[in-house]
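>>> Give me the fold of what follows.
(chains A and B)
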Amino acid sequence: MVLIAIGAFFPVYLNGVAAIRNIDRKLVEVGHMYGFGRRRLVRRILLPAALPGLFTGLRSGMSLAWMFLVAAELIAATKGLGYLLSDGRETSRPDIVLAAIIVLAVLGKLSDGMLAGLEKHFLAWRDTFTGTGE
Amino acid sequence: MTQALLDIHVERKTFAATTVLNHIHLQLQPREIVSLLGPSGCGKSTLLRIVAGLEKDFEGHQLSRTEQLAFVFQEARLMPWLTVQQNIGFSDDDDYDKAWVAQLIEEVGLTGFADALPKALSGGMAQRVAIARGLYSRPRVLLLDEPFSAVDAFTRMKLQDLLVQLAERHGIALLLVTHDVDEALYLSDRVLVMDNRPSSIRQELSVQLDRPRDRRDPLLARLKALALGELHSAHVI
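Sure, this is the predicted structure:
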């Protein structure tokens, strides 16, 4: 658990900090002009402006969390997907290994897809290249 | 004479070793439109930021300063995640005055764009939203920092007319920073020509013309020649 938490924490943290550091000073100045206090500045400007970076962090954190999960289970567990992998290998059951791999792939894709969907919903305002050639 | 909305003395303002502003006295009466005209880097934007209270580190004092100030920046500076109406009511968070915002949207000529996101707006439209956002708090003074320098010439003329019209309707005084001689003369009651660094006010031109003005008015042409001559001898051009 601790391993997964540590693994997932850093990409979220680093991306979050980078996102806040990257906020356009000019937008923050608008907040100063209106006399916003610290709290209001965070809620009205800093948080929404940092959201794209936060999502990047969450997605890479999620992928790392999966990897750490499997790694942890491979080493020291008596159940779970990682355990199935090593157990299948040791008992010469390729079907179990393959099934575990496929389940992992599907889970990873689903969880990332969920975050991507949220990102699309919350960041619809972004005026950036979308990768679709529009 | 009525109480001035703004009355500020700036003895000196320095950035590191460079003195940017030197000995400036600025006054703004209610409903008056004043332009600060000068080259880029002469410190006119800094002066505006001092007036706005965004720049607090300077030598000098403010004799009077209304708190009902609003600022329109050079770029529109809209929050890209908020719609046009949310941007206009930005200072009141989510419970902004919807009727007032709707009226402002109509007054700046953006009817039908209330729910548009800033990415769907052209530069001129974004600047209209910025002006509406400035008016939202019902200020007595609107400070504008080269508000139309990023839009094309025709849009600029339209926006200038819109601005004067809005200022008149709402009884607002304008303090405008610009490097466009025509713009300064066309809009203002007084034009303050700034020196190059360290800048002070070199000359004050008063434009006594009724509104609405004609851009082809010979008085404007004469004053323009005067202003250009002044800028030339300040080694600005």
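>>> Can you report how many residues neighbour the closest residue to residue B:76 other than its chain neighbours?
Spatially, and ignoring its direct neighbours in sequence, residue B:76 is nearest to residue B:126 (3.7 Å; C-beta to C-beta, 6 or more residues apart in numbering or on different chains). Backbone N, C-alpha and C define where each C-beta goes, glycine included. Residue B:126: 22 surrounding residues under other C-beta atoms under 10 Å in any protein chain shown.
>>> you'd agree residue B:126 is up against residue B:118?
Yes: counting by C-beta atoms under 8 Å, residue B:126 touches residue B:118, with 6.1 Å between them.
>>> what do those two both touch?
Any residue near both residue B:126 and residue B:118 by C-beta atoms under 8 Å, 6 or more residues apart in numbering or on different chains counts here, and that gives B:76, B:78.
>>> quick revisit: ok now do the residue nearest to residue B:76, which residues does it touch?
Applying C-beta under 8 Å, 6+ apart to residue B:126 gives the contacts B:76, B:78, B:118.
>>> Which positions in chain B make contact with chain A?
By C-beta under 8 Å from any C-beta of the partner chain, the residues of chain B that approach chain A are B:52, B:54, B:70-71, B:73, B:75, B:77, B:79-82, B:90-91, B:93, B:117-119.
>>> cutoff 7 Å now
Taking C-beta under 7 Å from any C-beta of the partner chain as the contact definition, chain B meets chain A at B:52, B:54, B:71, B:73, B:75, B:77, B:79-81, B:91, B:93, B:117, B:119.
>>> quick one: which of those is most hemmed in?
In these, the most neighbours by other C-beta under 10 Å go to residue B:71, 27 neighbours.
>>> Okay, helices next: where are they in the chain?
All of this is about chain A. Listed in chain order, the helices of chain A (DSSP state H) span A:2-21, A:25-33, A:38-41, A:47-75, A:81-90, A:94-122.
>>> wait, chain B
Taking DSSP H, the helices of chain B run over residues B:44-52, B:84-88, B:98-107, B:123-136, B:153-170, B:181-187, B:218-233.
>>> Figure out which of those is closest to residue A:124.
Closest to residue A:124 of the helices of chain B is helix B:84-88 (C-beta to C-beta; 14.0 Å).
>>> list the helices and strands that closest one packs on?
Under the contact definition 3 or more C-beta pairs under 7 Å, 6 or more residues apart in numbering or on different chains; DSSP states H and E, helix B:84-88 sits against helix B:98-107, helix B:123-136.
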